[in-house]
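**Q** give the three-dimensional model of this entry:
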Amino acid sequence: MEPVFLSHFIDVDTPIYGGEKGRININSVRSIDTGDSSNDSIIEFPLHIGTHIDFPFHFSNEGKKSNDYPLVFGFLTKLDF
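**A** Numbers count the residues shown, from 1 in each chain. All right, here's what the predicted structure looks like:
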């Protein structure tokens, strides 16, 4: 069986929800070529890219956000079996 890669490269042409393009920005903020000790970039993109989890706040201002849940939320424990 051939491996199936679940990770994908993100670039400025990666489509997002609704097929929009041009909403992904990748900006270099450090470069070895210009004398910095490392290369570094800032990546900006909307939340509707790739696989994601919609928390209730996504659809309602009164809904919970990710930080409203305890750290163990969603993890299976021995008691769950």
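**Q** flag the shaky bits of the protein, pLDDT-wise.
**A** 50-53, 73-81 (pLDDT under 70).
**Q** make it 50
**A** 80-81 (pLDDT under 50).
**Q** SS state for Glu62?
**A** Under DSSP: H, G, I helix; E, B strand; the rest coil, the three-state class of Glu62 is coil.
**Q** for it, grab the count of nearby residues.
**A** Glu62: 7 surrounding residues under other C-beta atoms under 10 Å. Backbone N, C-alpha and C define where each C-beta goes, glycine included.
**Q** Ile16 now?
**A** There are 16 residues near Ile16, going by other C-beta under 10 Å.
**Q** quick one: residues contacting Pro15.
**A** Listed by C-beta atoms under 8 Å, 6 or more residues apart in numbering, the contact set of Pro15 reads Lys21.
**Q** is it true that it lies in a strand?
**A** No - counting by three-state DSSP, Pro15 falls outside a strand, being coil.
**Q** against Leu6, how distant is it?
**A** 17 Å (C-beta to C-beta, to the nearest Å).
**Q** repeat that for Ile32.
**A** On the measure of C-beta to C-beta, Ile32 and Leu6 end up 30 Å apart.
**Q** higher neighbour count, those two?
**A** A count of neighbours by other C-beta under 10 Å puts Ile32 above the other of Ile32 and Leu6, at 10 against 7.
**Q** name the nearest residue to the more buried one, sequence neighbours excluded.
**A** Asn39 (5.6 Å; C-beta to C-beta, 6 or more residues apart in numbering).
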